[in-house]
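1. take this sequence and fold it.
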Amino acid sequence: MKALCILACFLLPAAAVAERVHHSERHDFVVEIVTGELNHPWAVAFLPRGEFLVTERPGRLNRIAADGSKRRVDGVPEVTATGQGGLLDVALDPDFKTNGRIYLCYAAGGFGGYGTELAAGRLSDATLEGVEVLFVAEPKVNGGRHFGCRIDFDPEGYLYLALGERGQRENSQDLSTHPGGVMRLGRDGSVPADNPFVGRDGARPEIFTYGNRNPQGMTRHPETGAIWELEHGPQGGDEINILKRGANYGWPVVSYGGEYGSGRQVGEGRRKAGIEDPVYYWNPSIAPSGMAFYRGDAFPRWNDSLFVGALKYRLLARLEMEGERVVSEERLLQGELGRIRDVRNGPDGYLYLLTDENPGVLARLKPAR
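-> So this is what the prediction gives:
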């Protein structure tokens, strides 16, 4: 009885936020809870017939029906839940309707400690079959910070995998290590022949970009097809980047953030020749996580806005865009729903959110009637 009371108390804020109309500059909306009682959910992907796949950081993959009922998916590779690591992103193959293939990004143990891995398998009802580990980030190190772990695909079907620098800053500028960059892979884990560092002595051929600190969101632009990435800064300096072949995004040589505690400027300043500037940054930090461009009929005046979840201030940021430039930011649901971990544009035109709590929820934003 006591446990039920505690659970009910935690769920009250989510229930309360779903009971009223919320206002934004462009649309009024309501929040609908699809399902709750999730243990630190991290990512959601959309299955046919209104179903969802949702990861939970401790290592569980859920198949969630349209009515919110949940089943555990068996066959998930061995996951190490340590610190910020665990079972993190999930993505459907671009040809999922014909091959049933899904991808998982997660933390795993091994020689030297822990690191980010990528695996794929075929989803059959509530079982993952034929699982293969396609990529292992090297080196593995001790500690539970900065795994990164977002997945996306470009228009040609290549897979992008964003990796944090595992709390070891030097990794981000070291092309002989994977952490602290974005990898570009074939969907079978192979290395594309036109990757920027293929054939360079001492460089990992999977690397597409480097100088990234701790990526927490990645999405494809609906018009240009470019892959956009967001990452945590240190004390300030969270940033959004457009990924360019072979580009250096600066960490820790330059940053818009400061050192923890002292606030002293990280590196050599904010900008440097040969290093890509972010499209947008936050100072102070909002701890952004999850990012999606909105396209749909449910919220026509939100079309082309970029939505970003935030852990620190428990909010949803709507960034109004003019081309690749952010012209304004609107903050929604601040302190109301929880630590927003993932943001996705659903195939039904609604916007979906996950809260990184225990219990956490899968929620959707719908137009107010």
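
2. low-confidence regions, this protein specifically.
-> 1-13, 15 (pLDDT under 70).

3. let's see that with 50 instead.
-> 1-11 (pLDDT under 50).

4. partners of Tyr281 in the sheet?
-> Glu239 (DSSP bridges).

5. hmm, I was thinking of Met321
-> Going by DSSP bridges, Met321 is paired in beta bridges with Val326.

6. hang on, it packs against Asn303?
-> No. In this structure Met321 lies outside contact range of Asn303 using C-beta atoms under 8 Å: 10.1 Å. In short, each C-beta sits where N, CA and C put it, glycine included.

7. show me which of these two is the more surrounded one.
-> Using other C-beta atoms under 10 Å as the criterion, Met321 and Asn303 rank with Met321 on top: 16 against 13.

8. tell me how far the ends of stretch 260-273 are from each other?
-> For stretch 260-273, the first-to-last residue distance is 26 Å (C-alpha to C-alpha, to the nearest Å).

9. so what's the gap between that stretch and the chain middle?
-> Averaging C-alpha positions (C-alpha atoms, centre = their mean, to the nearest Å) puts stretch 260-273 25 Å from its chain's average.

10. list the contacts of it.
-> Under the criterion C-beta atoms under 8 Å, 6 or more residues apart in numbering, residues 234-235, 237, 250-259, 277 lie in contact with stretch 260-273.

11. break down the stretch 151-300 of the chain into its strands, ranges please.
-> Along the stretch 151-300 of the chain, the segments classed as strands by DSSP state E, counting those that start in this stretch run 159-163, 181-185, 207-210, 215-220, 227-231, 238-242, 280-282, 288-293.

12. what distance separates the helix or strand following the last one from the middle of the whole chain?
-> Think strand 288-293. Downstream of strand 288-293, the next assigned helix or strand under DSSP states H and E is strand 306-310. Centre-to-centre, strand 306-310 and its host chain are 10 Å apart (C-alpha atoms, centre = their mean).

13. stretch 228-238 now?
-> 13 Å.

14. spatially central, which residue of the protein would that be?
-> The centre of the chain sits closest to Gly217, judged by C-alpha atoms, centre = their mean, with a distance of 3.5 Å.

15. wait, what's in contact with it?
-> Counting by C-beta under 8 Å, 6+ apart, Gly217 touches 150, 229-231, 288-291, 308-309, 343.

16. so Phe96 touches Val90, yeah?
-> No. Using C-beta under 8 Å, Phe96 makes no contact with Val90, being 11.5 Å away.

17. compare these two (neighbour count), which wins?
-> Neighbours per residue, other C-beta under 10 Å: of Phe96 and Val90, the larger number sits with Val90, 24 against 17.

18. strand partners (parallel or antiparallel) of the helix or strand containing the more buried one?
-> Secondary structure assigned from DSSP H and E places Val90 in strand 87-92. Its sheet considered, strand 87-92 pairs with strand 101-110 (antiparallel) by DSSP bridges.

19. the strand it pairs with: what's the following helix or strand?
-> Proceeding N to C from strand 101-110, the next assigned helix or strand is strand 113-124, under DSSP H and E.

20. got the angle for the very next helix or strand once past that following strand vs strand 181-185?
-> Note on strand 113-124: by DSSP H and E, the next helix or strand toward the C-terminus is strand 127-136. When axes from the mean of the first three to the mean of the last three C-alpha atoms, to 10 degrees is applied, the directions of strand 127-136 and strand 181-185 differ by 120 degrees.

21. for strand 127-136, buried residues please.
-> Of the residues in strand 127-136, 128, 134-136 count as buried by neighbour count, 16 or more other C-beta atoms under 10 Å.

22. what are the ranges of the helices in the stretch 1-150 of the chain?
-> Taking DSSP state H, counting those that start in this stretch, the helices of the stretch 1-150 of the chain run over residues 2-17, 96-99.

23. so how far is the last one from its chain's centroid?
-> Mean C-alpha position of helix 96-99 versus that of the full chain (C-alpha atoms, centre = their mean) differs by 23 Å.

24. please apply the same query to stretch 181-195.
-> Per C-alpha atoms, centre = their mean, the centroid offset for stretch 181-195 relative to its chain is 19 Å.

25. and what of stretch 276-292?
-> On C-alpha atoms, centre = their mean, the centre of stretch 276-292 falls 12 Å from the chain's centre.

26. show the end-to-end separation of it, please.
-> Start-to-end, stretch 276-292 (C-alpha to C-alpha) is 21 Å.

27. returning to what we had before: and the strand holding Val90 with strand 113-124, angle?
-> Going by the same axes, to 10 degrees, strand 87-92 makes 30 degrees with strand 113-124.

28. for burial, what's the neighbour tally of Ala16?
-> 12.

29. brain fart, Gly115
-> Gly115 sits with 23 neighbouring residues when counted by other C-beta under 10 Å.
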